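Undergrad: when you get a sec, could you give me coordinates for this:
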Amino acid sequence: MSALPQHLDIHLIRILYLLLVEKNVSRVALKLNQPQPSISASLRKLRELTGDPLLVRGARGMVPTQHGESLLKPAKRILDEAESLFVKKTPFVPQEEARTFNIAAPDYLDSQFLPNVVAMLRRGSPKSRVVIHSIGPGTDYLRLLSDGDMDLVIANWDEPPQHLHISKLFEDPIICAMHAASPYAKRTPADGMTLDDYLSLPHVAPSQMVPGYGGVIDAFLERQGLRRNVAVESAYFSLIPYMLAQTDLVLTTGRQFLRFYENSLPLKFFNIPVKFPPMRFYQLWHERVHQAPEHKWLRDQVTAAAHALTRNVP
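TA: Residues are numbered from 1 along each chain as shown. The predicted structure follows:
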């Protein structure tokens, strides 16, 4: 099979198609508003490229050759497909269309945030499917985003990854909690914890969930030359509040995450004698979906859920 000519362009294919349909050089020239000699020159070039006369004289004018007839449908298909390349993107109509949205997030988010996101997506686009993925130490979310297997990653980083689009969702101030009936909690007011107390108490900490994320709490303490007493490490973050209810362990995390448990578990919250920066949560996405209308809509829903969350914080 011979290689395609380097200078074969769409305009030449359009001339080929019209010549095979109209079977008349003059009519094609009129349709394209070009001089007849120009169309005749294009026909000569097409004959040279195909090695076939394409149009020959018949009893009532020009008629396509057999090879010319065989090129009619391929030429039309190429023109149709080329035209579709430049059709303006149509708006996403969420109530009517069905998409699959893949969102990855760790389970240390506010307990109401992801349920609120799902509720907004269900209300806004009831025919669409939502898939929530977990993030673990082995999750290569950069590759998943670039390959299109993931649409959004929601998590918190001290320094968000480079080369991705990013939008800040919310901040969560850091506090700590323990069983309200523990000896320390009973004798110490909420704002009376000392630095020595905080570092020496038995802590429960989440396992690494995001690659490159060793934990904002311990990373910050390390930069201050401090180290806390981590007695338990758990990969199941959502179970940690229930561990507090049965042990003397201390959990340091965001205020919004803990507020979900304040009415259901016997916990006491403490202000920490360390000036931790708040946890900052972001949504990340790849350039490949940056302009897609349905993905813009998805990100808008996630942003709206985040704003609703912060409005409801007491």
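Undergrad: now the helices for the protein?
TA: Per DSSP state H, the chain carries helices over the ranges 10-22, 25-32, 36-50, 66-85, 113-124, 141-147, 183-187, 195-200, 216-223, 240-244, 255-259, 293-311.
Undergrad: give me the distance from the last one to the chain's centre.
TA: Using C-alpha atoms, centre = their mean, to the nearest Å, the mean C-alpha position of helix 293-311 is found 12 Å from that of the whole chain.
Undergrad: what's the angle from that helix to helix 113-124?
TA: 130 degrees (axes from the mean of the first three to the mean of the last three C-alpha atoms, to 10 degrees).
Undergrad: buried ones in helix 293-311?
TA: Glu294, His295, Trp297, Leu298, Arg299, Gln301, Val302, Thr303, Ala305, Ala306, Leu309 (16 or more other C-beta atoms under 10 Å). C-beta coordinates here come from the backbone N, C-alpha and C atoms, glycine included.
Undergrad: mind putting these in CSV, distance to Asp197 and pLDDT included?
TA: CSV is the format used below for the buried residues of helix 293-311 (distance: C-beta to C-beta, whole Å; pLDDT from 0 to 100):
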residue, distance to Asp197, pLDDT
Glu294, 51, 94
His295, 47, 95
Trp297, 48, 96
Leu298, 44, 97
Arg299, 42, 97
Gln301, 43, 97
Val302, 38, 96
Thr303, 39, 96
Ala305, 37, 93
Ala306, 34, 91
Leu309, 31, 79
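Undergrad: can you redo the residues you listed as a markdown table with distance to Leu109?
TA: Converted to a markdown table, the buried residues of helix 293-311 look like this (distance: C-beta to C-beta, whole Å):
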| residue | distance to Leu109 |
| --- | --- |
| Glu294 | 23 |
| His295 | 20 |
| Trp297 | 21 |
| Leu298 | 17 |
| Arg299 | 16 |
| Gln301 | 15 |
| Val302 | 11 |
| Thr303 | 15 |
| Ala305 | 11 |
| Ala306 | 10 |
| Leu309 | 10 |
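Undergrad: looking at the helices of the chain, which is closest to Lys168?
TA: helix 293-311 (8.6 Å; C-beta to C-beta).
Undergrad: residues in contact with that closest one?
TA: The contact list for helix 293-311, computed with C-beta atoms under 8 Å, 6 or more residues apart in numbering, reads 89-92, 94, 97, 99, 101, 103, 110, 112-113, 116-117, 120-121, 124-125, 151-152, 154, 167, 169-171, 256, 281, 283, 285, 289.
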